[in-house]
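Student: Okay, here's the prediction I keep looking at, along with the sequence it came from:
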Number of protein chains: 2
Amino acid sequence: MLTTEEKIAELVRTLPMYIGFLLDGIEIKYPIKLNVSEAKTLLFLHKREGNPMSEYSKKVGLTKGSFTAVADRLEKKGLIKRVAVSDDRRKNALILTEKGKAAAQKIDSLFNQHISNKIARLNDEELNNLKNALEKTIAIIEKIK
Amino acid sequence: MLTTEEKIAELVRTLPMYIGFLLDGIEIKYPIKLNVSEAKTLLFLHKREGNPMSEYSKKVGLTKGSFTAVADRLEKKGLIKRVAVSDDRRKNALILTEKGKAAAQKIDSLFNQHISNKIARLNDEELNNLKNALEKTIAIIEKIK
DNA sequence: AGATTATAGTTTGGATTCTAACATTAATAA
DNA sequence: TTATTAATGTTAGAATCCAAACTATAATCT
């Protein structure tokens, strides 16, 4: 018999596969070709811009070294800009350009549509249960960081 | 105001970051150097071996092309073996060698220990809530595949 | 049966990511 | 203040991953 901790460890191992299923088949056919990391970065910027690069690299799940390359590519494509942060000269904040805002908006709605399609077969109760379970999971993990 | 679907989409976006937090800092200091994909593969094999390669590639979250290389490396390190499946000659089942079993066991307990440490500050009620929330999430996603 | 389509796994070349060392700036300690 | 340690971001080379074409086998259709 597994302890609660062992059971949680097992669930944590398998969860990424299920998230992967939800994301599977998504197509980011924005005129400018974007890979997953670039799209994710735009989505997080769309939600909230102006944070230093390290914030976004954590959210996207890349090491800072890798994220530098992502920011380089997005900047080269004219979708974001690095801007100085007044109180700490080591930091670069990221902001969306106008073109980047339009792209982010588009990707945001594509992403929402994709998830909507995936969960379309769930009834209202199941949808609420899923939402609550996700919120609960995140709230508890929030507590331990 | 967000719809339930939009809220779920937002949670799905951020969940990987929280899983990342739970995994952060884990050290697989097994004598033989293993990367994350190799370690994951051993963990899934430890749970259940003898499935065809495609099963494990899905669980680990790699394309089949990438997974071929992972299996190659694990085989070269003497931790797994490809074995023929009687009823379908396209398939290769994976099994652990004795050395692989020992490694998997070790990694499994390191992983459990790591998660235990991460969630050590939670009380019994929170632990149960986390377990239930994770189980619920997975159960609902199971329904739509 | 023979043809067509689908599935499992491999290969290859290019893209992406990781690790580790580094430069710069900030925070802390002596 | 000066020295030490920590944090932010970049760089470079090696490792890993992806996409697409391919081989081999199985399943389905006519």
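Tutor: Looks like it arrived, so ask away.
Student: Just give the nearest non-adjacent residue to the most centrally placed residue in chain A, would you?
Tutor: Centroid check for chain A by C-alpha atoms, centre = their mean gives A:Lys40 as the closest residue, at 4.5 Å. In space, and not counting its chain neighbours, A:Lys40 is closest to A:Val60: 4.7 Å by C-beta to C-beta, 6 or more residues apart in numbering or on different chains. Heads up, the C-betas are built off the backbone N, CA and C, glycines and all.
Student: Isn't that neighbour up against A:Asn35?
Tutor: No. Under the criterion of C-beta atoms under 8 Å, A:Val60 is not in contact with A:Asn35, lying 11.0 Å apart.
Student: which of the two has more neighbours?
Tutor: Looking at A:Val60 and A:Asn35 with other C-beta atoms under 10 Å in any protein chain shown, you find the greater number of neighbours at A:Val60, namely 21 against 10.
Student: returning to what we had before: which residues touch the host helix or strand of the residue nearest to the centre of chain A?
Tutor: Secondary structure from DSSP states H and E places A:Lys40 in helix A:36-47. The contact list for helix A:36-47, computed with C-beta atoms under 8 Å, 6 or more residues apart in numbering or on different chains, reads A:28, A:34, A:56, A:59-62, A:66-67, A:70-71, A:73-74, A:79-80, A:94-96, A:100-101, A:103-105, A:107-108, A:111, B:10, B:13.
Student: Show the pLDDT at the residue nearest to the centre of chain A.
Tutor: Here, the pLDDT recorded for A:Lys40 equals 96.
Student: before we move on, what about A:Ser86?
Tutor: pLDDT recorded at A:Ser86 is 83.
Student: Wasn't it part of a helix?
Tutor: No. Applying DSSP: H, G, I helix; E, B strand; the rest coil, one finds A:Ser86 to be coil, outside a helix.
Student: Which stretches in chain A count as strands?
Tutor: With DSSP state E as the criterion, chain A has strands at A:80-84, A:92-96.
Student: picking up where we left off before, can you name the residues that contact the residue nearest to A:Lys40?
Tutor: Residues in contact with A:Val60, defined by C-beta under 8 Å, 6+ apart, are A:Ser37, A:Lys40, A:Thr41, A:Phe44, A:Phe67, A:Val70.
Student: do the same with A:Phe111
Tutor: With C-beta under 8 Å, 6+ apart, A:Phe111 has these contacts: A:Ile26, A:Leu43, B:Ala9, B:Arg13.
Student: how near is the residue in chain A positioned nearest to DNA strand C to chain B?
Tutor: Closest contact between chain A and DNA strand C, by C-beta to the nearest atom of the strand, is at A:Gly65 (2.9 Å). Distance of A:Gly65 to chain B, given as C-beta to the nearest C-beta, to the nearest Å: 16 Å.
Student: and the strands of chain A, which is most packed in?
Tutor: strand A:92-96 (a mean of 18; mean count of other C-beta atoms under 10 Å in any protein chain shown).
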